[in-house]
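Q: got a predicted model here, sequence first, then my questions.
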Amino acid sequence: MRIIFMGTPDFSVPALVALKEAGHEILAVVTQPDKPKGRGKEVQMTPVKEKAMEYQIPVYQPVKARVPEFVKILSDMAPELIVVVAFGQLLPKTILDIPKYGCVNIHASLLPKYRGASPIQYAVINGEKESGVTTMMMAEFLDTGDMLDQETIVLDKKETFGSLHDKLSSMGGRLILKTIEKLEDGTAVRIPQDDSGTCYVGMIKKSMGDIDWSMDAASIERLIRGLNPWPSAYTAWNGKVMKLWEAEVIDKEYEGVCGQVTEVGRDSLVIKTGKGGLSIRKLQLQGKKCMDIDAFLRGYPIAAGTVLERLADKKEERPEGIPSCPENVGKKEERGV
């Protein structure tokens, strides 16, 4: 099939690889403009662009894909299908109407639940037992199009954003081939989404990682995993940022204030939360490498009774809360990817 591929981050790459290796004709790859990254602000190519160049596929990087001049470029290629995976720009109807088979989006959730930009993180943060990938026809509003195929995965007890991201990324590459085969032979079934079971999750912000110790231990532990490896969950100790990478819930109530260190051992550091305790297993002090708790305590002893603080409290501001699905049911957004 003659395909235009639109995607930008690492998550998109396995789908591009799957399409190419399956023998589909990739007419062009459309990705976000290169941007400066890192401390040196060196301009870097997007992961999708890097892979496209390996395959010697023409690459387009429009600042705005919706401008008429670029829409005409896409139209002149006469694609049969446009595959979209985390492209990062809103697509107008003028693009959606170009291909014979339409525009198919690969979305990292079991739609209709978790529409929006960060379904992988919220599946972990909200304690979902399952997640997965959905292929769907792109429609007027964000992630509201008819579903075509789904594949489900059971989350591990210690699933992180990073581990689930990689699993769903590979799954998306497999699933799009199945969907295209059905589109070609006319067996694809379009299943309308039930808006009553959905929610919208927006972009993840760094401020979400500022741990509120009045939350229950289980919620904080999921937050740590859901923001690992980016942007990370963190607290403040001795005036420095302390990132928390792994923790365990302790089903026990402690005296003191939330955020207070209640138990310290050779390989144990337990923090009081709004409900239960949180035993820190891996952490990273500002400017230092990530350490297991026993190695950390040998170099940075923390006394029982120490209170860990929120950075937002120091700045006299509060970060936005963590939305859950019921609060977002039925919310509609502009068409996007």
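A: Great, that's in hand.
Q: all contacts plus neighbour counts: C-alpha atoms, from now on.
A: Will do.
Q: what does stretch 65-79 contact?
A: Contacts of stretch 65-79 with the rest of the structure, by CA atoms under 8 Å, 6 or more residues apart in numbering, involve 2-4, 27, 62, 89-92, 94-95, 98-100.
Q: just stretch 157-170 next, same as before
A: With CA under 8 Å, 6+ apart as the contact definition, stretch 157-170 has outside contacts at 11-15, 108, 120-121, 124, 132-133, 155, 225-229.
Q: can you tell me the element the closest residue in space to residue 105 that isn't next to it in sequence falls in?
A: Computed as CA to CA, 6 or more residues apart in numbering, the closest residue to residue 105 that is not its neighbour in sequence is residue 84, at 4.7 Å. Under the assignment given by DSSP states H and E, the secondary-structure element containing residue 84 is strand 81-85.
Q: buried residues in the helix or strand just after that strand?
A: Tracing the chain C-terminally past strand 81-85 and defining elements by DSSP H and E, one meets helix 93-96 next. Using 16 or more other CA atoms under 10 Å as the test for burial, helix 93-96 gives 95, 96.
Q: what does helix 93-96 rub up against?
A: The list of residues contacting helix 93-96 from outside it, by CA under 8 Å, 6+ apart, reads 66, 71, 74, 75, 102, 103, 138, 140.
Q: ok now the longest helix seen in the chain, how far from the chain's centre?
A: Among the elements of the chain assigned as helix by DSSP state H, the one spanning the most residues is helix 161-185. Taking CA atoms, centre = their mean, to the nearest Å, one finds the center of helix 161-185 at 16 Å from the center of the full chain.
Q: what strands line up against the very next helix or strand once past that helix, and which way round?
A: Once the chain leaves helix 161-185, the next helix or strand it forms, by DSSP H and E, is strand 200-201. The strands beside strand 200-201 in its sheet (DSSP bridges) come out as strand 115-116 (parallel).
Q: what's the closest of the contacts of helix 93-96 to residue 277?
A: residue 138 (44.5 Å; CA to CA).
Q: on the three-state scheme, the residue lying closest to that closest one once chain neighbours are set aside is what?
A: If the residues on either side of it in the chain are set aside, residue 138 comes closest to residue 145, at 5.0 Å by CA to CA, 6+ apart. Secondary structure state of residue 145, per DSSP: H, G, I helix; E, B strand; the rest coil, is coil.
Q: tell me, how many residues neighbour residue 145?
A: A count of nearby residues for residue 145, using other CA atoms under 10 Å, gives 22.
Q: go on, residue 100?
A: Residue 100 has 13 nearby residues by other CA under 10 Å.
Q: I'd say it and residue 81 touch.
A: Yes. At 6.4 Å, residue 100 counts as touching residue 81 under the criterion of CA atoms under 8 Å.
Q: thinking again about what came up before, wait, the residue nearest to residue 105 touches residue 91, no?
A: No. Assessed by CA under 8 Å, residue 84 is found out of contact with residue 91, at 9.9 Å.
Q: quick one, which of these two is more surrounded?
A: Neighbours were tallied for residue 84 and for residue 91 using other CA under 10 Å; the higher tally belongs to residue 84 (28 against 23).
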